[in-house]
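S.K.: Pasting a predicted model and its sequence here:
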Amino acid sequence: MISFHGETVKDLRNCEQHGVRPEKPASGRILLRTSPEVHGAGLVAAQTAGTSLNQRAAEVIEGAAHS
């Protein structure tokens with residue numbers, strides 16, 4: 001799904017002419033690269049919290065997105 005916002009077809013064409021890119025929904029998948037040390041420490045922290053690294057990372061990102 002790709003969406004533009006406008007009241008009329010003319011508005012949509014103006015967006016295109018001005019280089020406004022359509023919004024694309026996020027897939028929910030993130031590829032994250034970090035050092036082996038941070039990766040290992042994150043695994044230990046997640047295990048200590050009784051969760052997976054993926055779930056722990058999602059919680060941290062969600063918290064940052066809402067702050």
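M.R.: Everything's here; your move. Model, not experiment: these values are computed from the prediction.
S.K.: for this structure, what spans make up the helices?
M.R.: 9-17, 36-48, 53-65 (DSSP state H).
S.K.: Could you list the buried residues of the second one?
M.R.: For helix 36-48, the buried set under the neighbour-count rule, 16 or more other C-beta atoms under 10 Å, comprises 42, 46. Placement of C-beta: from N, CA and C, glycine included.
S.K.: mind exporting the helix or strand of the chain with the lowest mean pLDDT as PDB, just the C-alpha atoms?
M.R.: Every helix and strand in the chain was compared by mean pLDDT, DSSP states H and E; the lowest is helix 9-17, with a mean of 74. Backbone C-alpha positions of helix 9-17 (Å, rounded to 0.1, in the frame of the first residue of the first chain) are rendered in PDB as follows:
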ATOM      1  CA  VAL A   9      -6.500  15.000  -7.800                       C
ATOM      2  CA  LYS A  10      -4.800  18.300  -8.500                       C
ATOM      3  CA  ASP A  11      -3.300  18.200  -4.900                       C
ATOM      4  CA  LEU A  12      -2.000  14.800  -5.600                       C
ATOM      5  CA  ARG A  13      -0.400  15.800  -8.900                       C
ATOM      6  CA  ASN A  14       1.100  18.900  -7.100                       C
ATOM      7  CA  CYS A  15       2.700  16.500  -4.500                       C
ATOM      8  CA  GLU A  16       4.300  14.500  -7.300                       C
ATOM      9  CA  GLN A  17       5.500  17.700  -9.100                       C
END
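S.K.: And that helix, what does it pack against?
M.R.: Secondary structure elements in contact with helix 9-17, counted by 3 or more C-beta pairs under 8 Å, 6 or more residues apart in numbering; DSSP states H and E, are absent; no helix or strand qualifies.
S.K.: K10: neighbouring residues, count only.
M.R.: Taking other C-beta atoms under 10 Å as the neighbour definition, K10 ends up with a count of 9.
S.K.: Distance check, it against H18.
M.R.: 12 Å (C-beta to C-beta, to the nearest Å).
S.K.: before we move on, what about H66?
M.R.: Applying C-beta to C-beta to H66 and H18 gives a distance of 31 Å.
S.K.: Fine, thanks again, bye for now.
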